[in-house]
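Q: Sequence first, then the predicted structure:
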Number of protein chains: 2
Amino acid sequence: MPARLGILAGRGELPARLVETCRLNGREVFLLAFKGQTDPQTVAGVAHARTRLGAAASSIKILKDAGVNEVVMAGALERPGLAGLRPDLRTAQWLARNGAKGLGDDGLLRAIVRTLEEEGFRVVGVDEILEHLVAEPKTYGRLAPDDSARADIERGIAVARALGLADVGQGVVVQQGIVLAVEAAEGTNALLQRAGDLRREGPGGVLVKVRKPGQERRADLPTIGTRTVEGAAAAGLSGIAVEAGGALVIDGEAVGKSADAKGLFVVGVTIDS
Amino acid sequence: MPARLGILAGRGELPARLVETCRLNGREVFLLAFKGQTDPQTVAGVAHARTRLGAAASSIKILKDAGVNEVVMAGALERPGLAGLRPDLRTAQWLARNGAKGLGDDGLLRAIVRTLEEEGFRVVGVDEILEHLVAEPKTYGRLAPDDSARADIERGIAVARALGLADVGQGVVVQQGIVLAVEAAEGTNALLQRAGDLRREGPGGVLVKVRKPGQERRADLPTIGTRTVEGAAAAGLSGIAVEAGGALVIDGEAVGKSADAKGLFVVGVTIDS
């Protein structure tokens, strides 16, 4: 029987999905909830402890005391600045090793993965446990992108990958060849709201979410759900494209139904790397 | 005596600065104002005509009839979608030649430059006429970036250049190694407002504006002024960095005074290309 799974729980519904799946499979879980980040309903009724991002040493002790030996990170974690991090000694060691880069974007999450492995934990990706959520190369729902949308998707992928090489964001909104908005720290919902304000007259507009080239997939994967579909619809977009095999769709059936109801396409596209 | 200068007038105060400088030098000007884009006060008291971006043929005729043979583009022009552009035959020819790319970001502006040249106009850069506004490798005002700000500037330049290679944006806000916000179609003022909302606890935060690698400098140059300093201050940032030789500062003395008053640094940094 696999050991107890420790879930480092960020925002959104991914942590709750993990708990649900583990329960169905009879696997024990333990949640590590981050102050001001983990949704309160995620921890309800689940064995858990609260911590903060800068408290590496006590977090590791909590996980060991709970009998965890396999760990998964799930849901977005906002990277705090140095003052907000209030690093303990262990965290300060990361920072000394990584410099300012240790706090930037993927940097902190990579450092967490590495530190957990040094402490003897096995670190797995969400996609290894929730395989059924990994984006497939198909359309979710009835609609498919037209030629204009395909051109915008292509441009969005190029921009997102350029950004990703600089270790920034995962989301881009393109309409008629014009890059309306690019995601950094604001998150996809805020990105979509802005894109709605910036939309040009005429049809189209596509949200593209792809993995960063070389991204640590165990730290963070681009994720969409019905809320993303609703946000894209509210922004007047015609559809959403995610990287097949490199993004999560929570969950495919609900997303397809929501897309049909809103008149959007949602498509998984294969990217040659 | 140099021929009459045609000014393709976008947003902001650059077109008015050009008019002012030409008058001081006794040079005649003619303004082409774009509907919904050029500030009304820019055209007051200046020989001008109104046009729209999709009306290439009539715009060229207007300039020729006005006796213009040298043209400069000044101030940001918002790229409309295809529906908003309502292209005339001449504009449709560009689009046929350039495809969707013709509408994307720099694409449309480059096409305008090329078409004007084909029509026999000499196209000059704003920086050739307003040489005194080109950013210098120095601090404007009393303050200089500290080590932490220098690290953020370095990261901002790397991100802005990665974005620029994909022909997007010119502005990035970085704090403590975290890329808070990246500019696409929203403009620098909106970028700064968002960055203020996304700022982390603790010091710092830098706005970086650099040229895109290979950017058509006659079409668009990153520009800052006192309003940028005020926006950066309102967002809680510690300073602004622009590319020396590759950005415009309107004008240096006022920006330096504003920076001092707000307690920010403004620095021109040299970028190895």
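A: Cool, the structure landed.
Q: Just the pLDDT at A:Ala181, thanks.
A: Listed pLDDT for A:Ala181 reads 95.
Q: Secondary structure of it: a strand, I assume?
A: Yes - checked against DSSP: H, G, I helix; E, B strand; the rest coil, A:Ala181 lies within a strand.
Q: buried set for the longest helix along chain A?
A: Counting residues, the longest helix found in chain A (DSSP state H) is helix A:147-165. Buried positions in helix A:147-165, judged by neighbour count with 16 or more other Cβ atoms under 10 Å in any protein chain shown: A:148-149, A:151-165. Any C-beta I mention is one placed from the backbone N, CA and C, and that applies to glycine too.
Q: and A:Val72, what helix or strand is that in?
A: strand A:68-74 (DSSP states H and E).
Q: now that strand, how far from the chain's geometric center?
A: Its chain's C-alpha centre and that of strand A:68-74 lie 16 Å apart, by Cα atoms, centre = their mean, to the nearest Å.
Q: what's the answer for stretch A:142-162, then?
A: 20 Å.
Q: could you check whether that stretch is close to chain B?
A: Yes - on the criterion Cβ under 8 Å from any Cβ of the partner chain, stretch A:142-162 is in touch with chain B at A:Ser148, A:Ala151, A:Asp152, A:Arg155, A:Ala158, A:Val159, A:Ala162.
Q: right, and the fourth one touches A:Gln176 too?
A: No - contact status for A:Arg155 versus A:Gln176: not in contact, 9.8 Å apart, counting by Cβ atoms under 8 Å.
Q: how about the helices of the stretch 51-200 of chain A, start to end?
A: Here the stretch 51-200 of chain A has its helices, by DSSP state H, counting those that start in this stretch, at A:56-65, A:82-85, A:89-98, A:106-118, A:126-129, A:147-165, A:188-198.
Q: would CSV of those helices with mean pLDDT be doable?
A: Shown next, in CSV, are the helices of the stretch 51-200 of chain A (pLDDT from 0 to 100):
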stretch, mean pLDDT
helix A:56-65, 91
helix A:82-85, 74
helix A:89-98, 76
helix A:106-118, 81
helix A:126-129, 93
helix A:147-165, 92
helix A:188-198, 95
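Q: Please verify my assumption that A:Leu207 contacts A:Val229.
A: No - using Cβ under 8 Å, A:Leu207 is not in contact with A:Val229; the gap is 9.5 Å.
Q: what touches both of these two?
A: Contact criterion Cβ atoms under 8 Å, 6 or more residues apart in numbering or on different chains; residues shared by A:Leu207 and A:Val229: A:Ile240.
Q: more neighbours, the two?
A: A:Leu207 (32 against 27; other Cβ atoms under 10 Å in any protein chain shown).
Q: Tell me the strands beside the helix or strand that that one is a member of, with direction?
A: Taking DSSP H and E as the definition, one finds A:Leu207 inside strand A:206-209. If you go by DSSP bridges, strand A:206-209 pairs up with strand A:171-175 (antiparallel), strand A:239-243 (parallel).
Q: Residue numbers of the stretch 151-273 of chain A in contact with chain B?
A: Counting by Cβ under 8 Å from any Cβ, the stretch 151-273 of chain A sits next to chain B at A:151-152, A:155, A:158-159, A:162-163, A:165-169, A:172-173, A:175-186, A:190, A:194, A:197-198, A:200-204.
Q: Which of these are buried, as a PyMOL select command?
A: Restricted to buried positions by 16+ other Cβ under 10 Å, the PyMOL selection for those reads:
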select buried, chain A and resi 151+152+155+158+159+162+163+165+166+167+168+169+172+173+175+176+177+178+179+180+181+182+183+184+185+186+190+194+198+200+204
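Q: next one: stretch A:60-67 to chain centre, how far?
A: That offset, for stretch A:60-67, works out to 25 Å (Cα atoms, centre = their mean).
Q: Can I get that stretch in PDB? Just the C-alpha atoms.
A: C-alpha atoms of stretch A:60-67 as PDB (Å, rounded to 0.1, in the frame of the first residue of the first chain):
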ATOM      1  CA  ILE A  60       9.200  19.500   6.900                       C
ATOM      2  CA  LYS A  61       8.900  18.400  10.600                       C
ATOM      3  CA  ILE A  62       5.000  18.500  10.300                       C
ATOM      4  CA  LEU A  63       5.100  16.300   7.200                       C
ATOM      5  CA  LYS A  64       7.500  13.800   8.800                       C
ATOM      6  CA  ASP A  65       5.500  13.700  12.100                       C
ATOM      7  CA  ALA A  66       2.300  13.000  10.000                       C
ATOM      8  CA  GLY A  67       4.000   9.900   8.500                       C
END
